[in-house]
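Trainee: Prediction below, plus the sequence it came from.
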Amino acid sequence: MSKTATSHQSTPLKESGESQPRSNQSQRSAFLVMATNMGWQLAVVVLVPVIGGAQLDKALDTTYLIFIGLGVALLGSGAVMWRTMQLANRLPVPKLTAAQKRTIKKQYEKDDD
């Protein structure tokens, strides 16, 4: 089967009974992987400098190293989010069929009422 033939196959949704392209499932899993990856990276980038600054403050009897750790954590978290957004922007955007567009439009109209 060719790549274009597989992208047009549909699988049923459990809740609504509608169908969605298989590519949406792989895009959801890619999103979950990126979100999980960003989550642990943020945890490391924030916790290590803050805890390190606090421990150094205790050991050296100072009060400013935790603030340096917070600054490093802020810069590091910005870098992690920037890199994740750059990766997310490289993902392909799915093309919707006319029927899917109509279904989405009906949902928006239904939500507006």
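Mentor: Ah, there it is.
Trainee: For the chain, which segments count as strands?
Mentor: Assigned by DSSP state E, the strands in the chain fall at 10-12, 19-21.
Trainee: ranking those by mean pLDDT, which is last?
Mentor: Of all the strands of the chain, mean pLDDT reaches its minimum on strand 10-12 (a mean of 43).
Trainee: Just give me the neighbour total for residue 66.
Mentor: Applying other CB atoms under 10 Å, we find 19 other residues in the vicinity of residue 66. Just so you know, the C-beta spots here come from the backbone N, C-alpha and C atoms, and that holds for glycine as well.
Trainee: Just give the nearest non-adjacent residue to it, would you?
Mentor: residue 53 (4.0 Å; CB to CB, 6 or more residues apart in numbering).
Trainee: residues contacting the one you found?
Mentor: 65-70, 72 (CB atoms under 8 Å, 6 or more residues apart in numbering).
Trainee: Roughly how far does it sit from residue 35?
Mentor: 27 Å (CB to CB, to the nearest Å).
Trainee: Quick check, central residue of the protein?
Mentor: residue 35 (3.7 Å; CA atoms, centre = their mean).
Trainee: any idea how far stretch 73-80 is from the chain center?
Mentor: How far stretch 73-80 lies from its chain's middle: 16 Å, per CA atoms, centre = their mean, to the nearest Å.
Trainee: quick one, phi/psi of the residue located most distally from the centre of the chain?
Mentor: Centroid-distance maximum for the chain: residue 61 at 40.0 Å, with CA atoms, centre = their mean. Dihedral pair for residue 61: phi 60, psi 50, per degrees, to the nearest 10.
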